[in-house]
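1. Sequence and predicted structure below; questions after.
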Amino acid sequence: MNIKNIKISLAFLALTVLLCTIAELILIEVKYQTFAGGFLQSHQLATLAQRAAFVVCLFVLNIILYGGAYLVWRYVLGKFRMAHSLIVFHFIMLSGIATAIYLVVQFQLHKYFADAMDLALMKNIAGGNIGNALIYVLDEAFLFMVGLALLIGLYYLFYRLMHPYLRKVEDFSRRNTREKSYLKYFGGLGIGFVAVAVAVYNINKVENLRYNLNRSNSYSVISAALDLASDLDRDGYGSFRYPQDMALLDATIYPGALDFPNNGIDEDGYFGDFRYDEPAVEIAKIQNRAPKGKHIVVIIMESARADIVGKTIEGRLVAPHITALSREGRVIEQAYSHTGYTGSSLASFFSGRLGEFRRGHSMFPQLKEQGYRIGVFSGQDERWADLDKKLGSRLFADHFYDAQTGMEERVFPSKLPSSIKLSEETLWTEFRKYSAVLDWDRPQFIYFNMQAGHFPYFHSKMTKNLIETGIPRSQITLENRDWLNRTYWNAMNHADFYIGKIIGELKDRGVWENTLLIISGDHGEELFDDNHLGHGFFLSEVQTRIPLVINKRDFKVVEPVGLSDIKNLVYSYAFDDFPFPPERDPDSKIVFQMTGNLNSPGKIAFRYAGKKQLVMDMKKMLVRPRGRTEWIAYDQALKDQKTRRELGQLIRYWEKLRWQSHLETKYISQN
């Protein structure tokens with residue numbers, strides 16, 4: 001290869017890296033306000049030196065990433081004797097297209113999830129099944145595929161236009177080429193690898209630089225590759241990501257590992273060895289049969305926001321029946337989902353547990369054992385997240401009707417568990433037929449799952465009381481926030497109408513006074529309140545606070561309340577002599593929250609009285625102390641005595657839940 005060829009290659013490579021770096025810098029600034037600062041930016045690059053270091057590091061890392069990819073690309077295609085000019089051309093085009101796709105996908109995800117989107121979030125939103133997760137994400141892939149087809153078309157068109165010039169360059173190149181070994185180039189790549197390893201290792205020690213570079217493509221890829229190479233014990237952690245592995249040769253010790261209690265070893269790296277002296281978790285037994293005619297009715301509203309109670313639009317109540325019920329009975333102001341995901345939220349509601357649990361913990365078999373007749377009316381497919389198996393809802397129900405059972409009545413064409421839904425009208429019709437032949441002298445447990453609030457918040461069978469037309473899915477954007485909000489609240493109004501019908505039926509049957517009715521949600525829903533849409537990726541008020549309305553004014557409860565608290569609260573009301581959860585000082589009452597799952601949470605948090613919150617980001621090792629809005633480094637948080645104490649309580653609570661979940665998993669596998 002002659003000097004002219006090398007110069008041409010380097011020039012095009014440098015141009016490619018420069019353009020891709022500029023595009024990525026623009027995206028990073030738009031997403032995170034890295035330079036300008038903003039509420040999404042906890043590590044602003046405030047000084048000129050910090051900004052220069054960030055830009056230089058990003059450019060150098062991009063050179064390493066693209067340059068290394070180019071050398072491998074050239075080596076492989078050179079084996080097929082492809083013309084050098086074509087090798088360069090195709091690399092530039094493909095790397096440009098790949099970068100463009102990456103940037104577009106990142107920008108689109110940011111519109112909904114900021115920087116919180118990861119595999120764990122996708123999986124939880126999609127019911128715990130990665131296949132469903134991919135379907136969920138690809139559900140709007142049509143426009144993306146059209147864009148990709150256009151890029152490929154432009155690629156081909158540009159190739160046809162450039163082909164004559166590329167042939168001339170190649171003819172000149174062949175007349176002036178001396179073959180050389182690739183050893184020299186890969187030797188240089190090896191030196192570059194060592195240099196970048198040293199650079200990344202040291203970048204990890206500089207908090208601001210590490211935090212911001214972690215949002216870039218090149219740093220993420222390079223540091224992940226180096227971390228994988230240094231992960232000698234294959235526990236998922238090495239020396240080139242943060243936090244680092246504390247024991248490279250011990251697969252049981254790494255950040256966030258399962259901390260086996262009382263063994264003198266701090267496996268997870270938090271606050272020393274975990275101490276656990278509690279007895280094995282036993283399934284609470286109900287000693288006394290419910291009095292004759294004491295019924296329990298639970299209505300869970302998908303993606304219901306806590307502000308549905310008393311919410312008005314142009315002077316009109318969105319949910320008049322729910323609001324009236326809150327005045328007749330009780331509304332719990334501080335009620336929260338633990339996770340912000342449907343599957344885990346419903347599991348915690350009916351089992352009173354977080355993490356894995358034996359089916360015997362579920363309300364369905366327990367109430368069946370006490371002589372309850374059980375009716376299930378669900379607008380979703382109860383196979384979602386394996387809920388029917390985990391809870392035994394299908395097995396123990398006397399009457400079971402869900403979106404899979406009533407598939408012909410579905411409101412969307414899809415038959416996938418992630419998409420199949422039934423209207424509230426369909427559930428009401430089925431319940432009315434059931435109620436007409438029901439022996440109401442026997443205690444009844446009736447569960448409704450209403451899906452009106454599920455994205456995209458509108459379907460053809462929904463009434464339009466608050467809107468002229470529902471927002472099409474393709475037009476759900478930040479710019480159409482007002483239209484989106486009205487569509488969502490119209491869905492809540494639609495569900496409330498049928499809740500009113502259910503209440504009316506209970507009154508007509510003469511069982512209202514002997515019925516405990518609970519209306520709640522599985523999680524909240526952000527409607528671009530903070531410029532994002534959906535749930536499960538932030539532990540914010542709007543995404544995790546839920547309505548909790550009860551028709552009995554004397555229902556005892558100490559706030560804040562988590563979904564896992566409700567089961568025992570229900571039992572203490574419905575059963576004679578069932579122990580009410582011990583009275584606690586409201587200042588010491590907490591609700592645990594997390595994103596992801598117990599074994600590898602993204603964030604863990606405590607909710608305290610007064611809507612105050614302590615949050616720890618387990619991936620970035622950041623802490624937001626109770627009652628504060630700014631994030632600080634974990635090491636810095638430990639220096640404040642009050643924050644250290646509360647953080648220790650949070651970590652210990654998480655370790656306890658995780659250990660109990662581990663014991664349950666072990667029990668299930670052995671029986």
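-> Now that the structure is in, tell me what you want to look at.

2. From here on, just use CA atoms for contacts and neighbour counts.
-> OK.

3. Least confident secondary structure element in the chain?
-> Least confident element among the helices and strands of the chain, by mean pLDDT, DSSP states H and E: helix 130-138 (a mean of 50).

4. And Leu150, what's its pLDDT?
-> pLDDT for Leu150: 67.

5. repeat for the one 4 residues further on
-> Note on Leu154: pLDDT of 71.

6. Tell me the secondary structure of it, please.
-> At Leu154, secondary structure determined by DSSP: H, G, I helix; E, B strand; the rest coil is helix.

7. give me the number of residues near Gln641?
-> Here the count is done by other Cα atoms under 10 Å, and Gln641 has 10 residues near it.

8. what does Gly453 give?
-> As a burial measure, Gly453 scores 25 neighbours (other Cα under 10 Å).

9. can I assume it is in contact with His494?
-> No - here Gly453 does not reach His494: they are 9.3 Å apart, not a contact under Cα atoms under 8 Å.

10. quick one, strands of the stretch 301-450 of the chain?
-> 312-313, 316-317, 330-331, 335-336, 373-378, 399-401, 444-450 (DSSP state E, counting those that start in this stretch).

11. Mean neighbour count, distance to Leu27 and mean pLDDT for those strands - can I get that in a markdown table?
-> Listed next are those as a markdown table, based on neighbours: other Cα atoms under 10 Å; distance: least, Cα to Cα, whole Å; pLDDT from 0 to 100:
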| stretch | mean neighbour count | distance to Leu27 | mean pLDDT |
| --- | --- | --- | --- |
| strand 312-313 | 12 | 37 | 96 |
| strand 316-317 | 14 | 41 | 96 |
| strand 330-331 | 20 | 44 | 96 |
| strand 335-336 | 30 | 34 | 97 |
| strand 373-378 | 24 | 42 | 98 |
| strand 399-401 | 18 | 47 | 98 |
| strand 444-450 | 23 | 39 | 98 |
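
12. where in the stretch 151-300 of the chain is pLDDT low?
-> Along the stretch 151-300 of the chain, the parts satisfying pLDDT under 70 run over 151, 158-159, 162-189, 281, 287-290.

13. how about 50 then?
-> Residues of the stretch 151-300 of the chain that meet the criterion pLDDT under 50 lie in 172-180.

14. go on, the chain?
-> 1-2, 38-41, 112, 130, 133-140, 143, 172-180.

15. how about 70 then?
-> Residues of the chain meeting the criterion pLDDT under 70: 1-10, 12, 36-43, 103-151, 158-159, 162-189, 281, 287-290, 579-587.

16. per-domain residue ranges of it.
-> Per the record, the chain has its domains at 3-230, 295-578, by automatic domain parsing.

17. Just say which of those domains is most tucked in.
-> The highest average neighbour count among the domains of the chain, using mean count of other Cα atoms under 10 Å, belongs to domain 295-578 at a mean of 20.

18. what about that domain, how long is it end to end?
-> 16 Å (Cα to Cα, to the nearest Å).

19. and if you look at stretch 74-93?
-> With Cα to Cα as the measure, stretch 74-93 spans 14 Å from end to end.

20. could the strands of the stretch 301-450 of the chain be laid out in JSON lines, adding distance to Gly256?
-> Formatted as JSON lines, the strands of the stretch 301-450 of the chain follow (distance: least, Cα to Cα, whole Å):
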{"stretch": "strand 312-313", "distance to Gly256": "45"}
{"stretch": "strand 316-317", "distance to Gly256": "47"}
{"stretch": "strand 330-331", "distance to Gly256": "37"}
{"stretch": "strand 335-336", "distance to Gly256": "25"}
{"stretch": "strand 373-378", "distance to Gly256": "37"}
{"stretch": "strand 399-401", "distance to Gly256": "40"}
{"stretch": "strand 444-450", "distance to Gly256": "35"}
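
21. can you tell which of these is closest to Gly536?
-> strand 335-336 (12.3 Å; Cα to Cα).

22. Apart from its chain neighbours, what residue comes closest to Asp250?
-> Nearest residue to Asp250 in three dimensions, chain neighbours excluded: Asp233, at 6.0 Å (Cα to Cα, 6 or more residues apart in numbering).

23. Measure how far the helix or strand where Tyr211 lies is from the centre of its chain, please.
-> Following DSSP states H and E, one finds Tyr211 within helix 207-213. Using Cα atoms, centre = their mean, to the nearest Å, the distance from the centre of helix 207-213 to the centre of the chain it belongs to is 23 Å.

24. And for stretch 432-442?
-> The chain centre lies 40 Å from the centre of stretch 432-442; the measure is Cα atoms, centre = their mean.

25. ok, back up a step: of the domains of the chain, which is nearest Ala609?
-> domain 295-578 (5.8 Å).

26. looking at it, Leu354 is touching Ser348, isn't it?
-> Yes - A contact is recorded between Leu354 and Ser348 when judged using Cα under 8 Å, the distance being 5.7 Å.

27. Touching both of the two, which residues are there?
-> With contacts defined as Cα atoms under 8 Å, 6 or more residues apart in numbering, the residues shared by Leu354 and Ser348 are Ser564.

28. re earlier: and Ile286, which of the domains of the chain is closest to it?
-> Nearest to Ile286 among these is domain 295-578; the distance by Cα to Cα comes to 7.0 Å.
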